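structure here, sequence nowhere to be found:
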C-alpha cells in the first residue's frame, strides 16, 4: 500500500553539500600545503585511519539498523491500520442488522465507516503537526465535527465516538454482545496503532550516539589526508572527498530513516495510504447498498436454500 | 510447503555480466598501462582498499540481513495463509450444521471452501500484477464472479463475500455466535496476511542505501588494481575480476531477495502453494462428503455410545 | 508521547571527565618520556592496537545493541501503558450502564478512571524508588488510600481494587459477563506491563561484560601511545585522548541506556507520560459527563432513528 | 525436552575430510614448489587475504545467524507442540463430562488423547519422509487408521478427526460452546505448528549465498599459501590446512543447522520428544482413570464442602 | 523481580585459571627460547593474527548474542510467570463466589493460591534437578501431596490439580463459563512458560560452535608470541597473557549465560523470585480475608450506592 517512491538523490546530496564542501576545502588546504613542503609528516594508513574506519563502520551499522527498524516499524503500523480499517468496515457491514432489516441501518453503517476514514486523515495530520480539521470536515456530521473540535487529540476523540455508537447499537439490539466485543477489539487495535505512531514520533534517537558518530567521522577525515598525500599527491583530494562524503551520507541516511513521520521525502506516505483506505472502504460501502437492493430480490430463494 | 527450488546460477550471473565485463575491461586497461610503464604509482593494499573493504562488508551484511528478513517474512506470511486456509476449511466442515442435517448444508460448505481456494489464486495474481480472473472463474459461482469483477481489489471482495455468507448462516441458525466469531477471526487473519503481502510488495527498500553501496563498490574496484599490479603483474587481472564480481554478486543477491513478489526465480512460489492448498482443501471436502454417507450408517451407535 | 529531550552533553562528558583526565596524564607522561629519550620502543599500530580495536568495536556494538534494546523495550512498555489506559477509560465510559441510567453510574466511572491515573503515578514512583503516596492522594478516596498504604506494592494493590470494583459492578448487573472479561483482560495487560518494568529494573546487565570491555579499552589505551609517538611526536597526545575518550564515551552511553528507570536524563520520561495520561483521561471523562447531559436531550430522536 | 546430545565431532570432521585433503595437497604443492624455487612471488598478508578474511567473516556471521535462527525456530515450534499437547490433554480431561458421569466418557477421552499422541509421531515421520503408519497403528482405532490411510497429509487428517469428535461431543452436550472454542483454538495452534515445520522443511536457504561464501573461501585458500611461505617455509603447510579447515567447518556447521528436519545428528530430536509426550499424556490419562475411582468415594464430602 | 546480583569476578576468573596458566607457561617458554636465540623467526602481526583476530571477534559476537538471548529469554519467561501468578491470584480472589457468600469459598481460594505458590517452587527445583518435594510440602494438603508424588513431572501434576478444581468449581456454579475459560487460559500460559524453561534447559547450544571458537582461540594464542617477541621482548609475555585471557574470558562468559538454569552465580534467581511471589500472593490472600470482614460491614451502603 506504500508508494514506490524514489527518494530524490539531489535532495539527500543537498543535505550534505555544506559538509562535503568543508571536507573539500580541508583536503585541498592540507594536500597543497604538503605538496609545497610547508610541513612534512605521514601517517601510515594501516594505523589510526584503519582503526577509526572499523569503529565508524560498526557504529554506522548499529545506527543504520536501529534507524531502519524504526522506519520499518512505522510502515508495519500503517500496514496494520490498513488491515484493521478493512476488517472494521467488513465487520460493520456484515454484523449490524440482519436479513430482515437490511435497509434501515444504513445511516449508522455509513456514519461508522466515514468516521473510520476520517480517523486515518486525522491521525496523519496530527502526526505531521498540521491542521487536523481540513480533511475530515466533509466526512463527519456537524455534531461530530463540533464534538472533536473540543479535543486536543482528534483521533482519540473519533475512537470514543465510535465506541459510543457501537455501545448504543448494542443497547438497541442491532449488535449482539459478541459482536460488540469484536468491534471493540478492533478499536483497541487502532488505539494501539495510534499509540505506536505517537511513541515513534516523540521518542528521539539517543542524541549522544549521533554526536559520537559525527565526532569519529570528523576525526577520521582530519587524519585521512595525512595518510594519503604521501602516496597519491593531488589525487588524494578527490579520494578524501569521496570517502568522507560516503561516511557522511550513510550517517545522514540513518538520521532520515529514524524519523518516519516528519514530512520528508523518505517519510511514511500516510496521505496516500489514507486516500487508498478511503477508496477501499467507500467501494465496500457503496457496493453494500447496491447488494442490499439485489438482496431483497434474492433473499427468498437463498433463505429457502439454507433452511430447507 | 515451499518448493526446493534451485536458483539458477546462470540466471544470477547473467544479471552481473555487464558489470563484470566492465570490471574486466577496466582491470585490463589499468594493468597493461602499468606494465607498459605508461604510468607508475602503487597504493598499499593495507590502506584505502582495506578500509573500503571493511565498510563495504558491513554495509553488505546490513543489506543482506534486511533483504533476507523481507524474503523470510514473505514466506512466513504465506505459511500463515496455508495454516489459516486449512483451519478455515476444518472449521467450516465441523462447525456448520450438525449430525442431523449433515447432508443439507453441503452446498454452502462447498461454496465457502472453493471461494477460499480462489482467494489464494487471486492474491497470487494480484501481487504479481497479472490477470486475477483466469484462475478463479472455475471456482466461483457466476454471481460471485460478476460481483468480484466490479472490484479493484479482488481478494478483498472475496473476503467480503465470505463474511456475508457466514453472517447469513448465523442468522439462519447454522452457526452459533461463538462459531461466527471464530470464523470471523480466521477471516481477520487472512485480511492481515493480505495486507502484509501488499506492504512488502509496495514498500521499496530505501534506494539511497543501494546507491551508497554501489558507489563504495565502484570506488573500491577503481582503487583495487593500483594496489595489486605492483605485486602480481598480469595475475592481478583475474584477482580484480574475481573480487569485484564477488562484491557485485552479493549486492545483487540482496536486491533479488528484497522483492519476494516480483515473478523472479527467487520469488515466493505462490502458485505452487496455492495449488497445494487446493489439493489439501478439496481432499478434506470430498472426504467430508463421503464421511457424511458413512456417518449416516454409524450415527446411531456412536450417539448411543456417547449418551449412554 | 515521550518528550523530545536533548540529553545534556555536558552531563555525559562529566561522567567520563575523570577517566579522560587519567588518559591525558598517561598519554603526556609516556609521550614526554619518549621524546626525552628516557626509553625507546615502538609498537607498529597495525598490530596489537588494530586487533584490540576490532575486538573492542565488536564488543561495543554487541553492548550498545543490548542496551538500546532494553531502553527501547522500556519505551514500548510505557507506550503500551498509554494505549491500555486510554482503552480502559473508553471501555469504562462506554460499557458501564446504558442509555437509560447514564447519570447514576457516574461516581463508579470516576473512581475507576481516577484510580487508573493514580496507577501510572504510583508505578512511576515505585520504579524510581521514590515516595509513591505523594502524587496519588488527591486521586483516591480516603478508604482506597488507607487500603493501598498497607501494601508494599502499591500499583498491584490498585489493580486489585480495580478488579474488585469491576467484579462488584458485574454482580450488580452494570456490566455483562463479556464486558467484565474485556476489562479484566485490560487489567491483565497492565499487570504484564508492570511486571516487564520490574524485570528490566531489577535484572542487571551481566557485570562481567562491562568488566571485559573496560579491561580491553584500558589495555588498548595503554598500548596506543607506544604506537603513535614514533609517528606524531607531541601530536600523539591529543590523538590518544580523543580516541580513548571516544571509546569510553560509547561504553558509558550503553551503561546509561541499559538502565531506563534510574532517574537519569536518558531515563524514560515516566512523569511526563503519566501527566499526559491524566490530561487525556480527564478530558475523556469530563466530556462524557457533558455528553450525558447533551444525550438526555438527544436520546429521544436517536433512539427513534435506530429502532424505527 | 530436547536431549542433551553431543554432536559427534568425528561425524562433522568426516564431512569436510575431502575438502581438507584437497586443501592439504594444494598447500603442499604450492609450498614445496616455492621452496624449490620453481616460482617466486609473495603476497603481503595484510592485503588481499586480510580483505577476503573480513568479507568471509561477515558472510559467515550472517550465514550462521540465519542458520541458527532456523534451527532455534524449529526447536521453539516443537516446544510449542509439547505445551499444546499437554494443554490439550488437560482440557480434554477436565472439560469433557462432569462430576456425575465421570466414568462414561472415558472412551472418548482416551481416543482423543491417543490420537494426539499419534499426531506427534505422524508429524515426525512425515517431516523425515519416512513411513508415517508404523508408529501410529497401535494408537488408533481400526476405522481411524483406515481413514488416515486415504490421506497424503496424515497429521492434517488426524486433526480433522479431532475436530469432528469435538464437534460431535458438543452436539451431544458433553462440551459447552466455550469449551469447544477453546479446544478448537488448541487445534489451530497445532495446525500452525505443523505449518511452521513444513515451511522450514521446504524453504531452502538461498543457494547462491552458499555458493558465494564457498567461492570466497576457495579464493582465500588459493591466495593464502603465497602470503605465508615467505614467512614460515614448510610451517605454512599446517597453518594453511588449519585456517582453511576452520573456515570450511564453520560454513558446514551453518549448512547443518539450517535444515533441522533432515535426520542428521544435529537434527531436532523429534522422536524423543514424541516419546516424552506419550509418557506424559498416558500418565495424565491413566491417573485420571484412577482419580475417577477415588473421586467416587470422595465426591460426597467435597460437594458438600463447596455447596454448603 | 530479579536480584541485583554481582557476579563474583573471582568465581569467573577461577574458571579460566588453568587455561590462563597454560597460556602463561607457553608464552614464557616461547619468548625465553627466542630471547636466548634457540630459534629465530617472526610473524608480522598484521597478517595471520589479524585475520584470526577478526574471525574470533565475529564468532564471539555471534556466540555472545545467542547466549545473551537465551539468558534474557529465561528472564522474560520468569517475568511472565510472576505476572501470570499475580493475575491468577487476582482472578481467583475476584471471580470465585460473590458478595453474598464471600466467606464460604475461602478454603477453595486458599487451596488454589497456595498451589500456585507451590508450583513456582516445584518448577525451580525441577529445573535445577533438585528434590522438588521439600519446599512444597508445607503448601499442599496431604492428599495433593500424595497425588503429585506419583508424578515424574511435579509442576505438570500441580497444573492438572488446578484444572480439576476449577472445573469442579464451575460445575458447582461458583464460576461462570467465561470465568472458567479465563482461568484456563492463565493455566495455559503457565504451561507454556514451563515448556519454555524446559526447552531452554534441555537444548544444548551446538557443541561444534564452542569447539570451533576454542580451536580458533588456541591457534591465535599459538601464533601470537611469534608476532610479539620481536617487537617487545619480555614485555610480550604479559601482553600474550592479557589478550589470551581476555578472549578466553569472553568465551567463558557466553558459555555461562547460555545455560540459565544450571545453579551457577549467573543463574536466573528462581528461588528469590518464587519467594517474592509467595510474599505477594499471601499478602493478597490475607488481605482478601480481612477485606471480607470489612466488606460485611460495608456491603449494605456500597450496594445501595450502586443500585440506587
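Looks like it came in fine. Only a predicted model underlies this, so the values are computations on that prediction, with no experimental measurement involved.

so where's the longest helix in chain A?
With secondary structure taken from DSSP state H, chain A has its longest helix at helix A:48-95.

can you map out the helices along chain A?
So, for chain A - with DSSP H - the helices run A:9-35, A:48-95, A:106-127, A:142-149, A:154-171, A:177-202, A:207-232, A:236-257, A:270-307.

returning to what we had before: any residue of the longest helix of chain A up close to chain B?
Yes: using C-beta under 8 Å from any C-beta of the partner chain, helix A:48-95 reaches chain B at A:49-50, A:53-54, A:57-58, A:60-61, A:64-65, A:68, A:71, A:75-76, A:79-80, A:82-83, A:86-87, A:90-91, A:93-95. In this view, the C-beta of every residue, glycine as well, is placed from N, C-alpha and C.

quick one, which of the residues you listed are buried?
A:49-50, A:53-54, A:57-58, A:60-61, A:64-65, A:68, A:71, A:75-76, A:79-80, A:82-83, A:86-87, A:90-91, A:93-95 (16 or more other C-beta atoms under 10 Å in any protein chain shown).

residues from the stretch 101-250 of chain A in reach of chain B?
Checking the stretch 101-250 of chain A against chain B by C-beta under 8 Å from any C-beta, the hits are A:176, A:178-179, A:182, A:227-228, A:231-232, A:239, A:242-243, A:246-247, A:249-250.

and the residues you listed, which is closest to residue A:106?
residue A:179 (17.6 Å; C-beta to C-beta).

centroid-nearest residue for chain A?
The C-alpha lying nearest the average C-alpha coordinate of chain A belongs to residue A:268 (C-alpha atoms, centre = their mean; 3.3 Å).

residues in contact with it?
By C-beta atoms under 8 Å, 6 or more residues apart in numbering or on different chains, the contact set of residue A:268 is A:2, A:71, A:74, A:75, A:78, A:260, A:261.

tally of neighbours for the fifth one?
Right, residue A:78. As a burial measure, residue A:78 scores 29 neighbours (other C-beta atoms under 10 Å in any protein chain shown).

wait, it sits on residue A:270?
Yes: the pair residue A:78 / residue A:270 is scored as a contact, 6.5 Å apart, by C-beta atoms under 8 Å.

residue A:214 reaches residue A:251, doesn't it?
Yes: if you go by C-beta under 8 Å, residue A:214 and residue A:251 touch, sitting 7.0 Å apart.

so between the two, which is more surrounded?
Shown here are residue A:214 and residue A:251; by other C-beta under 10 Å, residue A:251 has more neighbours (22 against 14).

doesn't residue A:212 make contact with the more buried one?
No: contact criterion C-beta under 8 Å: residue A:251 and residue A:212 do not qualify, at 11.0 Å.

any shared contact partners between the two?
In contact with both residue A:251 and residue A:212: no residue, using C-beta under 8 Å, 6+ apart.

picking up where we left off before, restrict the buried ones among the residues of helix A:48-95 next to chain B to contacts with chain D.
Okay, of these, nothing touches chain D (C-beta under 8 Å from any C-beta).

which single one of the contacts of residue A:268 is nearest to residue C:206?
Of these, the one sitting nearest to residue C:206 (C-beta to C-beta) turns out to be residue A:71, at 30.7 Å.

so the closest one sits right up against residue A:261, yeah?
No: applying C-beta under 8 Å, one finds residue A:71 not in contact with residue A:261, separated by 10.2 Å.

how near is the spatially closest residue to residue A:121 that is not a sequence neighbour to chain D?
Of all residues not flanking residue A:121 in the chain, residue A:135 sits nearest, at 3.9 Å (C-beta to C-beta, 6 or more residues apart in numbering or on different chains). Distance, residue A:135 to chain D, using C-beta to the nearest C-beta, to the nearest Å: 40 Å.

likewise for residue A:112?
27 Å.

ok, now residue A:148?
38 Å.

burial of the nearest residue to that residue once chain neighbours are set aside, as a residue count?
The shortest distance from residue A:148 to any non-neighbouring residue, by C-beta to C-beta, 6+ apart, is to residue A:157 (4.4 Å). For residue A:157, the neighbour count with other C-beta under 10 Å is 21.

same thing with residue A:169?
Every residue meeting other C-beta under 10 Å relative to residue A:169 is counted, giving 23.

show me the contacts for it.
Residue A:169 touches A:96, A:108, A:175, A:180, C:306, counting by C-beta under 8 Å, 6+ apart.

which ones are touching residue A:116?
Counted by C-beta under 8 Å, 6+ apart, residue A:116 has contacts A:85, A:88, A:89, A:162, A:281.

for residue A:134, which non-adjacent residue is spatially closest?
Nearest to residue A:134 is residue A:125, by C-beta to C-beta, 6+ apart, at 7.5 Å.

that neighbour reaches residue A:132, doesn't it?
Yes: in this structure, residue A:125 is within contact of residue A:132 by C-beta under 8 Å, at 4.1 Å.

give the residues shared as contacts by those two.
residue A:154.

okay, now the unreliable bits of chain A?
Residue ranges of chain A with pLDDT under 70: A:1-13, A:39-47, A:97-104, A:230-232, A:265-266, A:288-308.

can you rerun that using 50?
The model of chain A has pLDDT under 50 over residues A:1-5, A:99-102, A:296-308.

ok, how many other residues are close to residue A:229?
23.

residue A:274 now?
By the measure other C-beta under 10 Å, the count of residues near residue A:274 is 23.

residue A:23 now?
25.

same deal with residue A:143?
10.

that one and residue A:150, how far apart?
12 Å (C-beta to C-beta, to the nearest Å).

and if you look at residue A:183?
25 Å.

who has more neighbours, those two?
residue A:183 (25 against 11).

now do the contacts for that one.
A:88, A:91, A:92, A:95, A:166, A:175.

one step back: what number of residues lie near the residue nearest to residue A:121?
20.

filtering the residues of the stretch 101-250 of chain A next to chain B by proximity to chain C, which remain?
Filtering these for neighbours of chain C using C-beta under 8 Å from any C-beta leaves residue A:178.

for the residue of chain A most remote from its centre, give its distance to residue A:240.
Most distant from the centre of chain A: residue A:37, at 53.8 Å, with distances by C-alpha atoms, centre = their mean. The gap separating residue A:37 from residue A:240 is 19 Å, by C-beta to C-beta.

not counting its neighbours along the chain, what's nearest whichever residue of the stretch 151-300 of chain A sits closest to chain B?
Using C-beta to the nearest C-beta, residue A:178 is the residue of the stretch 151-300 of chain A that sits closest to chain B, at 4.8 Å. In space, residue A:178 comes closest to residue B:177 once its chain neighbours are excluded; the distance is 4.8 Å by C-beta to C-beta, 6+ apart.

that neighbour against residue B:170, yeah?
Yes: using C-beta under 8 Å, residue B:177 is in contact with residue B:170, at 6.8 Å.

hang on, the earlier thing: how about the helices of chain A in a markdown table, adding distance to residue C:197?
Shown next, in a markdown table, are the helices of chain A (distance: least, C-beta to C-beta, whole Å):
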| stretch | distance to residue C:197 |
| --- | --- |
| helix A:9-35 | 38 |
| helix A:48-95 | 21 |
| helix A:106-127 | 26 |
| helix A:142-149 | 33 |
| helix A:154-171 | 24 |
| helix A:177-202 | 15 |
| helix A:207-232 | 24 |
| helix A:236-257 | 29 |
| helix A:270-307 | 31 |
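
hmm, residue C:182 and residue A:181 touching each other?
Yes: counting by C-beta under 8 Å, residue A:181 touches residue C:182, with 6.0 Å between them.

and these two? which has more neighbours close in?
Taking other C-beta under 10 Å, residue A:181 and residue C:182 do not tie; residue C:182 has more neighbours (22 against 19).

how many neighbours does residue A:164 have?
Neighbours of residue A:164 (other C-beta under 10 Å): 17.

for it, which non-adjacent residue is closest in space?
residue C:94 (5.6 Å).

residues contacting that neighbour?
The contact partners of residue C:94, by C-beta under 8 Å, 6+ apart, come to A:160, A:163, A:164, A:166, A:167.
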